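K.L.:
next one to model:
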Amino acid sequence: MEIEPTVREFDLISLAASCPVLTTRDDQYDFAWLLDAAHISRRRGGRFRLVDSGTNDCVSLVWLAEAGAYIYTSDEARPDPKDVIDIQRACRKGGSVASYYIYGPLNRPLFLDEAVELGRAGADFHLSNREHRREAGELLDLARACGRGRGRLVYYHHGRLEPLLQSAAEAGAWIHWASAGAVPDQDYFLLKDILGAGRFSGAGLVIHLEEPWPAKLLGELQADGAFLRFHGPLAEADPGLAALWARAACRAPDFQADYLHGDFLP
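P.N.:
Modelled structure (predicted):
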């Protein structure tokens, strides 16, 4: 028996036709509605972002990717990176890209080798050191693989700056860094080195400001190409920071610099 569509399904199609960027999960609508929405969004020049919940099989995601959907998946939804290779190849056909967030460790048996293969296929990778320490060699392997495949590695770093960030930037990795606990007069110089390393590899640096910094140092970093994101009422307390915040609001990295959201650090 055919199920009658509801207002919710028609709203999805309407949004796909009108929104520059539309994001939904693949378990929220039947496959046929998602496929129609992906086709319509691509025809209208929009970006249809589909979050993989692990509910659908890879074949369904391949169809959606070929229709133009940007697939956002992870090692929680797809534990084996090799399963995402066909999805990424379909994204290439559809003019989109698959983004793979790695929550777990990289040193699982065969995981890094398979992730490198996926990177060479052109996928974007996102990972953080919040739960698991990331080793320089692992980041370099992923960054170089993404560079060969014309994808991107985005690394979200918590804690004090480390030399591995400069090495990763040299290999093409985009770096997000949370400034909590930073020592501005010391960290400024390593941030300059990271910016310099990334300038030649096409990488970028995003600084998430969680506590006050000297406006002069931040202004120099911003002038050198760093993207600033202010968390909390920092800009309200310092006129110098307010001016930097205003400039930061007018300049943002491209959409591949974030995994879905840009207002928090995973």
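K.L.:
I'd assumed I87 was in contact with T73.
P.N.:
Yes. Between T73 and I87 a contact is recorded at 7.3 Å, counting by C-beta atoms under 8 Å. Placement of C-beta: from N, CA and C, glycine included.
K.L.:
ranges for the strands of this protein?
P.N.:
Using DSSP state E, the strands of the chain run over 21-25, 47-51, 70-74, 98-102, 124-128, 153-157, 174-178, 205-209, 227-230.
K.L.:
mind listing what the third one pairs with, with the direction of each?
P.N.:
Strand 70-74 has these partner strands in its sheet, going by DSSP bridges: strand 47-51 (parallel), strand 98-102 (parallel).
K.L.:
format the strands of the chain as a markdown table; extra columns: mean neighbour count and distance to P163.
P.N.:
Listed next are the strands of the chain as a markdown table, based on neighbours: other C-beta atoms under 10 Å; distance: least, C-beta to C-beta, whole Å:
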| stretch | mean neighbour count | distance to P163 |
| --- | --- | --- |
| strand 21-25 | 15 | 36 |
| strand 47-51 | 22 | 34 |
| strand 70-74 | 24 | 28 |
| strand 98-102 | 25 | 22 |
| strand 124-128 | 25 | 18 |
| strand 153-157 | 24 | 12 |
| strand 174-178 | 26 | 12 |
| strand 205-209 | 23 | 15 |
| strand 227-230 | 20 | 21 |
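K.L.:
got TSV for those strands, with mean pLDDT too?
P.N.:
Converted to TSV, these look like this (pLDDT from 0 to 100):
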stretch	mean pLDDT
strand 21-25	96
strand 47-51	97
strand 70-74	98
strand 98-102	98
strand 124-128	97
strand 153-157	96
strand 174-178	94
strand 205-209	94
strand 227-230	92
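K.L.:
tabulate the ones you listed (TSV), appending distance to C91.
P.N.:
Listed next are the strands of the chain as TSV, based on distance: least, C-beta to C-beta, whole Å:
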stretch	distance to C91
strand 21-25	16
strand 47-51	11
strand 70-74	6
strand 98-102	5
strand 124-128	10
strand 153-157	17
strand 174-178	19
strand 205-209	24
strand 227-230	25
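K.L.:
quick revisit: shared neighbours, T73 and I87?
P.N.:
Common neighbours of T73 and I87, using C-beta atoms under 8 Å, 6 or more residues apart in numbering, are L61, A98.
K.L.:
now do the same contact list for L64.
P.N.:
Applying C-beta under 8 Å, 6+ apart, the residues near L64 are D26, F31, L34, L35, A38, L50, I71.
K.L.:
so what's it scoring on pLDDT?
P.N.:
We have a pLDDT of 98 for L64.
K.L.:
cool, and P79?
P.N.:
95.
K.L.:
look up phi and psi at P233.
P.N.:
The phi/psi pair for P233 (degrees, to the nearest 10) reads phi -90, psi 40.
K.L.:
what about it, how many neighbours?
P.N.:
If you count neighbours by other C-beta atoms under 10 Å, P233 ends up with 7.
K.L.:
cool, and A121?
P.N.:
A121: 24 neighbours (other C-beta under 10 Å).
K.L.:
please renumber the chain so that the first residue is 655 from this point on.
P.N.:
That works, and once the first residue is 655, the last one we named lands at A775.
K.L.:
start to end distance for stretch 881-894?
P.N.:
Stretch 881-894 has its terminal residues 16 Å apart, counting by C-alpha to C-alpha, to the nearest Å.
K.L.:
apart from its chain neighbours, what residue comes closest to F779?
P.N.:
Spatial nearest neighbour of F779, chain neighbours left out: L807 (4.8 Å); criterion: C-beta to C-beta, 6 or more residues apart in numbering.
K.L.:
give the contact list for that neighbour.
P.N.:
Neighbour list for L807: 773, 778-781, 793, 796-797, 800, 822, 825-828 [criterion: C-beta under 8 Å, 6+ apart].
K.L.:
swap in 10 Å and give it another go.
P.N.:
The neighbours of L807, taking C-beta atoms under 10 Å, 6 or more residues apart in numbering as the test, are 773, 777-781, 793-801, 822, 825-829, 857.
K.L.:
same deal with Q742?
P.N.:
716, 719, 725, 727, 735, 750-754, 772-778, 803, 805.
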